[in-house]
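> Would you be able to build a 3D model of this:
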Amino acid sequence: MKGFLQRVFTKRRETPITYEEAKEMAGSPDANIRSKVAQRHDAKPEILYYLANDADSSVRRHIAENHATPVQADVLLTDDKDDSVRGSLAEKIAHLSEGLSPNETDKLRRMTYEALDKLARDQAVHVRQVISETLKDIANAPQPIIQQLARDTESVVCGPVLQYSPVLSETDLLEIIEASSGRGSLSFISRRRNVGEKLADAIAASSDKDAISHLLGNKSAQIREETLDQLIDRAPDYPEWHEPLVERPKLPPTAAGKLARFVAENLISVLERRKDIKKDQLEAVREVVQRRIASGEFDKREEAPADMRKAKKKDVDKKTAKGKSGIEAAATDGDVEEESTYEKALALHAKGKLTDKDVAKALAANDIKLARAALAVLASISPDAVTKVLNTHSAKGVVSLAWKAGLPADLAVKIQVKLGHVPPGQTLNPRGGNEYPLSEEDMNWQLEFFTGMATVGLR
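Modelled structure (predicted):
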């Protein structure tokens, strides 16, 4: 339609010229005069074809832009040495590509398709980008061309079609995610309108934190409650996820309470204003907020003198710690500033109060520091070695660590996700009930490898 209107209005402005006049202009030594005939829609095809070989790139660019140019000349220009000529040609041909397929029987349509296919593989990024930007919204754009562009190694080329093209199916997108080479493909897909649950699961299972952030911020994305819950468990380490999480259209029942444990104070107020949170969930949020205020993490009563807030904090901590044992007492101990989390874990272990149930409670309470320290103590491995294992996000390494700590295999799955940030779809699950999925020899090797890393200080 755009090409048709352009031809109509251009023709109205053009004063008709004869074939001989056009031929004389095409042979002029002045490039400006040759350019004028190159832009005419009433010039004969043979004259436009002749000018497609012009020595001046501006003339050839006008030929590339001209909708009256014969397809044969367009095919010739796909090999033009000037990127701007091929770029102009790419935009024109892309607009003419609706409904084209690689199986065209009409000679001219087939030549148009082949020219487009060639330009979609052009060595110049700009040329491929022009085609991608032009075809991104076209519902009946040639599928093989869209597939080619979607798998392009340049984000400016693959991005537009990955984010917008209706030609790409869910199966296509899942295959692209699986073969993703880290060029930002997942981020473009996560911003698509109405991302389905399968796509959301695949993106959430990846290690692409930016793509997950875009997914969470995509209000039209359909994210399963289980998937969202797993992302919330991983979220403490990714501040950029916090705001889109608290603003998701729908949250799992326990989500508000979990989020209240680690999001910033301004986001707590967003949670409290949500109309879909039930009364008991809101109470859970407020209870967590009060504990954080008591611990001094933030204080909503900023007008109180600093020394008063500090004194109040110690009083509350001592009261809270009374009557508790195990992990709960360690989490609220009044002498928190005087001893490290690792020393607390050692003290609890000496009293027989550092069990698998305590580790599970620490994970549930999002007390990551204490859970890490507990692993180090129970496995008799240095905290540095534990950090090395967890920071590799290796399922085998984390499983081996949990095994060494004497923890149940089912708890090892939670540790993989919560502490090791292993994507849920890549975790190693128990075999035959609650047996570890790796051999003892394999797990010992994993631990020797990581403890060796910690010893020599590799990073």
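> so residue 285 touches residue 263, yeah?
No - if you go by Cβ atoms under 8 Å, residue 285 and residue 263 don't touch, sitting 10.3 Å apart. Glycine gets a C-beta too; all of them are placed from N, C-alpha and C.
> list the residues that contact both of these two?
Shared contacts of residue 285 and residue 263, defined by Cβ atoms under 8 Å, 6 or more residues apart in numbering, are found at residue 271.
> pretty sure residue 140 belongs to a strand, no?
No - under DSSP: H, G, I helix; E, B strand; the rest coil, residue 140 falls outside any strand and is assigned coil.
> residues near residue 129, how many?
22 (other Cβ atoms under 10 Å).
> just residue 189 next, same as before
Using other Cβ under 10 Å as the criterion, residue 189 is surrounded by 27 other residues.
> Wait, a strand at residue 446?
No - counting by three-state DSSP, residue 446 is not part of a strand but helix.
> where in this structure is pLDDT low?
Scanning the chain with the threshold set as pLDDT under 70 gives 1-14, 181-183, 297-339, 451-459.
> what about 80?
1-14, 180-184, 292-340, 365-366, 392, 423-425, 432-433, 449-459 (pLDDT under 80).
> Give me the neighbour count for residue 139.
8.
> Could you grab the helix/strand/coil label for the nearest residue to it once chain neighbours are set aside?
Once flanking residues are discounted, residue 139 sits nearest to residue 166: 5.0 Å by Cβ to Cβ, 6 or more residues apart in numbering. Put simply, residue 166 is coil when judged by three-state DSSP.
> Could you do residue 381 as well?
When classified by three-state DSSP, residue 381 comes out as coil.
> for residue 42, same thing?
coil.
> And it, how far from residue 204?
Per Cβ to Cβ, to the nearest Å, residue 42 is found 58 Å from residue 204.
> ok, now residue 348?
Applying Cβ to Cβ, the value for residue 348 to residue 204 is 34 Å.
> do the same with residue 168
Separation of residue 168 from residue 204 (Cβ to Cβ) stands at 20 Å.
> Equivalent analysis for residue 79, please.
Here the criterion is Cβ to Cβ. By it, residue 79 lies 45 Å from residue 204.
> Does residue 113 touch residue 96 like I think?
No - assessed by Cβ under 8 Å, residue 113 is found out of contact with residue 96, at 9.9 Å.
> out of the two, which sits in the busier spot?
Set side by side, residue 113 and residue 96 show more neighbours around residue 113, with 22 against 18, by other Cβ under 10 Å.
> Return the residues in contact with residue 209.
238, 240-241.
> any idea how far residue 216 is from it?
Using Cβ to Cβ, residue 209 is found at 11 Å from residue 216.
> Give me the common contacts of those two.
Common neighbours of residue 209 and residue 216 (Cβ under 8 Å, 6+ apart) are residue 241.
> More neighbours: residue 42 and residue 204, which one.
Neighbour count, other Cβ under 10 Å: between residue 42 and residue 204, residue 204 has more, with 24 against 15.
> show me what contacts that one?
Contacts of residue 204 by Cβ under 8 Å, 6+ apart are 212, 215, 223, 227, 230-231, 423-424.
> Dump those residues to CSV, plus neighbour count and distance to residue 136.
Converted to CSV, the contacts of residue 204 look like this (neighbours: other Cβ atoms under 10 Å; distance: Cβ to Cβ, whole Å):
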residue, neighbour count, distance to residue 136
212, 26, 23
215, 27, 20
223, 24, 24
227, 20, 28
230, 19, 32
231, 23, 28
423, 21, 29
424, 18, 31
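> Pipe these into JSON lines and attach distance to residue 154 per row.
What follows is those, written out as JSON lines (distance: Cβ to Cβ, whole Å):
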{"residue": "212", "distance to residue 154": "23"}
{"residue": "215", "distance to residue 154": "22"}
{"residue": "223", "distance to residue 154": "29"}
{"residue": "227", "distance to residue 154": "30"}
{"residue": "230", "distance to residue 154": "32"}
{"residue": "231", "distance to residue 154": "29"}
{"residue": "423", "distance to residue 154": "26"}
{"residue": "424", "distance to residue 154": "31"}
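> can you list these in a markdown table and add secondary structure and distance to residue 73?
As requested, those are exported to a markdown table (DSSP: H, G, I helix; E, B strand; the rest coil; distance: Cβ to Cβ, whole Å):
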| residue | secondary structure | distance to residue 73 |
| --- | --- | --- |
| 212 | helix | 48 |
| 215 | helix | 46 |
| 223 | coil | 51 |
| 227 | helix | 53 |
| 230 | helix | 57 |
| 231 | helix | 54 |
| 423 | coil | 52 |
| 424 | helix | 55 |
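> Which of those sits closest to residue 54?
Nearest to residue 54 among those: residue 215, at 50.1 Å, using Cβ to Cβ.
> which ones are touching residue 172?
147, 150.
> same check, this time on residue 76
Per Cβ under 8 Å, 6+ apart, neighbours of residue 76: 49, 52-53.
> from those, which is closest to residue 375?
Among these, and counting by Cβ to Cβ, the member closest to residue 375 is residue 52, at 70.3 Å.
> What separation do you get for the closest one and residue 288?
Per Cβ to Cβ, residue 52 is found 71 Å from residue 288.
> now the helices for the stretch 101-250 of the chain?
107-119, 125-135, 143-150, 155-164, 170-178, 185-190, 197-204, 209-217, 225-234, 239-246 (DSSP state H, counting those that start in this stretch).
> possible to save those as a markdown table with distance to residue 272?
Formatted as a markdown table, the helices of the stretch 101-250 of the chain follow (distance: least, Cβ to Cβ, whole Å):
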| stretch | distance to residue 272 |
| --- | --- |
| helix 107-119 | 55 |
| helix 125-135 | 43 |
| helix 143-150 | 42 |
| helix 155-164 | 34 |
| helix 170-178 | 36 |
| helix 185-190 | 28 |
| helix 197-204 | 26 |
| helix 209-217 | 20 |
| helix 225-234 | 17 |
| helix 239-246 | 10 |
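> Out of those, which is the most enclosed?
Ranked by mean neighbour count, the helices of the stretch 101-250 of the chain are led by helix 185-190 with a mean of 24 (mean count of other Cβ atoms under 10 Å).
> Show me what that one is packed up against.
On a contact count with 3 or more Cβ pairs under 8 Å, 6 or more residues apart in numbering; DSSP states H and E, helix 185-190 meets helix 155-164, helix 170-178, helix 197-204, helix 209-217.
> what residue lies at the spatial centre of this protein?
residue 211 (1.1 Å; Cα atoms, centre = their mean).
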